[in-house]
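Asks: No sequence on hand, only this structure:
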C-alpha cells in the first residue's frame, strides 16, 4: 500500500528482534480510515527450534503463531521451515485510547498519549487469557493500582481448585522465581484481576490463566512504566476485525472462544464485510471471501471486492 506503511514498516522491526530486545511492537498510528498497522514478515527455523521458541524470540503469541502456520509441526518444524510471523494487525474497533484487550486475538493494544510534537502511536503485545470456567471479564475497566515485585495472594477459589489436584498453595507467595505474577502487576477495578508478567513465559498466547492477563516478562517490563493509574482498559471479545488500507478491505478472522457458535461468527463476518464494502459502493465476492472465514488464520487478508453498480446490472 504505497504511502500507508512507511513508518510502520520501520517500527515493526522492533518486533523482529530477539526476546531480550523485543520490548514492544510499536507503530505510528494511522489516520482514521486506515485501520492496519505493521507489515507481513517471515523467519526460517533452525533444526532445534519449536514454535514456542519462535514465539518468544520474536515477541508473538503461541496461538496466533500456530493459526498463521497451519501444517507446521509445533515441536519439530524442521530445519529451514518458513514460518509466517503475524506482525500485521487490523486495529480494534472503537476509540483508539488507553488499553484495549481482544480476547479471541490473545492480544493487548496500548494507545499512549503522545508527547508534544510527537505522532500518536500504538503498541501491541501478545497475552494469555482466562481458561474455561475462569473467563476474563469483558467490559470497560480501569487501572487502579501498580506494584513492582508483587506478592501473590491466591484467591480461595484457586486454592481450592489446586487442592483438588493435590497441590497446596500458601496464602501468600512472595516475590521471586516461584511467583506466577512475575515482577510487575497492574490491578483492574475488578476483584482479583490483574495485568501482569509471568514466571512461565511458554504459556503466553494461550488460554491458561485464572482470568488475569499475562504478558512476557520483557513486555510487562516495558508496558508497566508507561501506563498510569486511571488508564482505561476496554476488554472485548471480537474474533473478527475488518479494516481498510488505501482501497483494500482486510478481514482478520480468529478462531472463536469455545462459547461462541460458528453460525453467530459467520453472521458477524457477513455483516461487518457488507457494511464496510457498501460504504464505498462496493460488493463482496462471497465465494472467495468465505475461504478467509474458513481458514481463520488470524492474519489480515485482502477481501475480494466488486463494484456494486456493476453487480446490479
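Replies: Received it, and whenever you're ready, just let me know what you need. Just so it is clear, the model here is predicted, and its values are computed rather than measured.

Asks: quick one: the helices in the stretch 151-300 of the chain?
Replies: For the stretch 151-300 of the chain, applying DSSP state H, counting those that start in this stretch gives helices covering 156-164, 217-223, 262-278, 286-295.

Asks: for the second one, packing partners?
Replies: For helix 217-223, the elements it packs on are strand 121-126, strand 194-196, judged by 3 or more C-beta pairs under 8 Å, 6 or more residues apart in numbering; DSSP states H and E. For every residue, glycine as well, the C-beta is placed using N, CA and C.

Asks: one more time with 10 Å, if that's ok
Replies: strand 107-111, strand 121-126, strand 184-188, strand 194-196 (3 or more C-beta pairs under 10 Å, 6 or more residues apart in numbering; DSSP states H and E).

Asks: Redo those as CSV? Include mean pLDDT, mean neighbour count and distance to residue 173.
Replies: Shown next, in CSV, are the helices and strands packed on helix 217-223 (pLDDT from 0 to 100; neighbours: other C-beta atoms under 10 Å; distance: least, C-beta to C-beta, whole Å):
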stretch, mean pLDDT, mean neighbour count, distance to residue 173
strand 107-111, 98, 22, 24
strand 121-126, 97, 24, 24
strand 184-188, 96, 22, 12
strand 194-196, 95, 24, 12
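
Asks: And the ones you listed: which comes nearest residue 54?
Replies: Closest to residue 54 of those, according to C-beta to C-beta: strand 121-126, at 12.1 Å.

Asks: so what strands line up beside that closest one?
Replies: Using DSSP bridges, strand 121-126 pairs in its sheet with strand 25-28 (antiparallel), strand 107-111 (antiparallel).

Asks: how far out from the middle of the chain is the following helix or strand past the first one?
Replies: It refers to strand 25-28. Sequence-wise, the next helix or strand downstream of strand 25-28 (DSSP states H and E) is strand 36-38. Offset of strand 36-38 from its chain centre (C-alpha atoms, centre = their mean, to the nearest Å): 13 Å.

Asks: same check, this time on stretch 254-267
Replies: Counting by C-alpha atoms, centre = their mean, stretch 254-267 comes out at 17 Å from the chain centroid.

Asks: Mind listing what's buried along that stretch?
Replies: Buried residues in stretch 254-267, defined by neighbour count with 16 or more other C-beta atoms under 10 Å: 254, 255, 256, 257, 265.

Asks: Which residues are in contact with the last one?
Replies: In this structure, residue 265 makes contact with 104, 239, 240, 253, 254, 255, 256, 293, 296, judged by C-beta atoms under 10 Å, 6 or more residues apart in numbering.
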